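Peer 1: can you look at this prediction? I've put the sequence above it.
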Amino acid sequence: MTGFARPLDRFPLVRTRNVEEMLAALAPIYAKPAWRFEGNCKTADVTLNYRPLRHLGLGYTKYGTGMSGTYPESAVFLQTFPIRGRGEATMAALPARLVSSAA
């Protein structure tokens, strides 16, 4: 590490280049989201940090590539704050959708 700490680095959930491993780590937290990476790649530079608190959880994610995902209906609320790149969250009668691209 170069001395730069990512948000919530003290609470790593997964560090991987394997998309399937990333999905398995997210499933218990985000109700089995479905993700697609640019070009249907099977590897990405993924960092997921997660800190559960009493009534909420804080997460930080870095994918290292463009991706999009869909969350099925669940009893959780998801609020995104893109730090770098492009991000969008859509919520309606349909499940939330997140679109992001690496900068």
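Peer 2: Ah, there it is. Numbering: from 1, shown residues only.

Peer 1: so for the residue minimising distance to the centre of the chain, what's the pLDDT?
Peer 2: When the chain is reduced to its mean C-alpha position, the closest residue under CA atoms, centre = their mean turns out to be Thr61, at 4.7 Å. pLDDT for Thr61: 86.

Peer 1: name the element it belongs to?
Peer 2: Secondary structure from DSSP states H and E places Thr61 in strand 57-62.

Peer 1: how distant is that strand from the center of its chain?
Peer 2: 7 Å (CA atoms, centre = their mean, to the nearest Å).

Peer 1: I'd like the next helix or strand past it.
Peer 2: For strand 57-62, the following helix or strand on the C-terminal side (DSSP H and E) is strand 67-70.

Peer 1: that next one pairs with which strands, and in what direction?
Peer 2: strand 34-37 (antiparallel), strand 97-101 (antiparallel) (DSSP bridges).

Peer 1: if you average pLDDT over each of those strands, which is lowest?
Peer 2: For the strands paired with strand 67-70, where the average pLDDT is lowest is strand 97-101, sitting at a mean of 49.

Peer 1: follow-up on the earlier one: and the closest residue to the residue nearest to the centre of the chain other than its chain neighbours, what pLDDT?
Peer 2: Among residues not flanking Thr61 along the chain, Leu48 sits closest, at 5.3 Å (CB to CB, 6 or more residues apart in numbering). From N, CA and C alone the C-beta is placed, and that goes for glycine too. For Leu48, the pLDDT comes out at 90.

Peer 1: count of residues packed around Leu48?
Peer 2: Number of residues near Leu48 (other CB atoms under 10 Å) recorded here: 20.

Peer 1: in contact with the residue nearest to the centre of the chain, which residues are there?
Peer 2: Contacts for Thr61 (CB atoms under 8 Å, 6 or more residues apart in numbering) come out as Val46, Thr47, Leu48, Asn49.

Peer 1: count of residues packed around the residue lying closest to Ala25 once chain neighbours are set aside?
Peer 2: Spatial nearest neighbour of Ala25, chain neighbours left out: Val14 (3.9 Å); criterion: CB to CB, 6+ apart. Residues lying near Val14 (other CB under 10 Å) number 17.

Peer 1: is Val14 in a helix, a strand, or coil?
Peer 2: For Val14, the assignment made with DSSP: H, G, I helix; E, B strand; the rest coil gives strand.
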